[in-house]
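> sequence unavailable; structure follows:
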């Protein structure tokens, strides 16, 4: 069986995550038992939620165990099978983690999913037509529940979740405003993703400036807000929120290193009778088929053009992940293994 390079979580971060929290290990791939398949990973997904799991503290997901493979989504190909429904050459997505190969018990429901790569590239099943896309769909459709003509705002707009959110909201007749870091990302958000406007947070680094930019981009106020970041941007959004506006709370990347993120004006939630709901997409598996069908159609018809940042080789994963936390990626962050 092939040697398998893996990245383990070696120790927990003290404040900011660093490369030395991770360790490169080579392990032997075990022989297959009945109903198991061996998957050669082509792509590994790097996602912001992984930073929260590196801490040994209360969170919505169990902490990542020390001395074990970092967990995460993978897309690849079956190279050996002892399961009747999976053949060598099948393209599959699963939760194989930060390693080159995984042995999967394919009889477990949801452990592995065959995908069709004729119209949607394999890598997109980790982004727009995968967990990030469904995250955007759930927050928009089930929490914000937009009406045509309403104004939607999303942070990290050029990323995997934000870009899908924009396409889904435009398809529902909304005005869509993105917030992203830097002129290149903002140009992509408006020119390629079709957002109505994009605000560069680097040009608006405080509540007053960001609030003014939001007032200009959202002349009718904000009806729906998809939150990936937190911090002062959330304060600025609250100042521009309409009565009965809805907030889908997906991420708080500004606080991932443990710093507090106090709200400046929480009374606005009451004054505007706002709905704020946090969610974890893995708790809503019932919506995945409907969401993935819509997302797949948007990608296949060119209405959603996802962008990817691809690091080469498993050794590059820790630095690529740390870059993602600082916004150095442009679009969905992946590691290509083959």
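Received it, and whenever you're ready, just let me know what you need. This one's a predicted model, so the numbers in the text were calculated from it and none came from an experiment.
> which ones are touching the residue nearest to the spatial centre of the chain?
Geometric centre of the chain, nearest residue: residue 132, 4.0 Å, by C-alpha atoms, centre = their mean. For residue 132, the contact set (C-beta atoms under 8 Å, 6 or more residues apart in numbering) comprises 47, 126, 159-161, 164, 332. All C-beta atoms are positioned from the backbone trio N, CA, C, and that covers glycine.
> now, those residues that are in helices?
Here DSSP state H is the test, and the contacts of residue 132 give 160-161, 164 as lying in helices.
> how far off centre is the least confident helix or strand in the chain by mean pLDDT?
None of the helices or strands of the chain scores lower by mean pLDDT, DSSP states H and E than helix 49-54, at a mean of 92. In this view, helix 49-54 has its centroid 12 Å away from the chain centroid, taken as C-alpha atoms, centre = their mean, to the nearest Å.
> shift numbering so it begins at 19
Happy to do that; since the first residue is 19 now, the last one works out to helix 67-72.
> contacts for that helix, please.
With C-beta under 8 Å, 6+ apart as the criterion, helix 67-72 contacts 27, 30-31, 35, 39, 77-82, 88-90, 269, 271, 274, 339, 343.
> and stretch 328-343, by the same measure?
23-25, 35-37, 39-40, 42, 62, 64-66, 68-69, 88, 116-118, 141, 271, 274, 327, 347, 351-355.
> where do the strands sit along the stretch 169-318 of the chain?
Here the stretch 169-318 of the chain has its strands, by DSSP state E, counting those that start in this stretch, at 169-173, 193-198, 215-218, 240-245, 259-267, 293-296.
> buried ones in stretch 345-356?
Residues of stretch 345-356 classed as buried: 345, 347-355 (neighbour count, 16 or more other C-beta atoms under 10 Å).
> ok, the residue nearest to the centre of the chain to residue 125 distance?
27 Å (C-beta to C-beta, to the nearest Å).
> go on, residue 255?
Where residue 125 is concerned, residue 255 sits at a distance of 46 Å (C-beta to C-beta).
> which of the two has more residues huddled nearby?
residue 255 (23 against 13; other C-beta atoms under 10 Å).
> need the contact list for that one.
171, 232, 240, 243, 245, 265.
> nearest spatial neighbour of the second one, chain-adjacent residues omitted?
For residue 232, ignoring the flanking residues on the chain, the nearest one in space by C-beta to C-beta, 6 or more residues apart in numbering is residue 258 at 4.5 Å.
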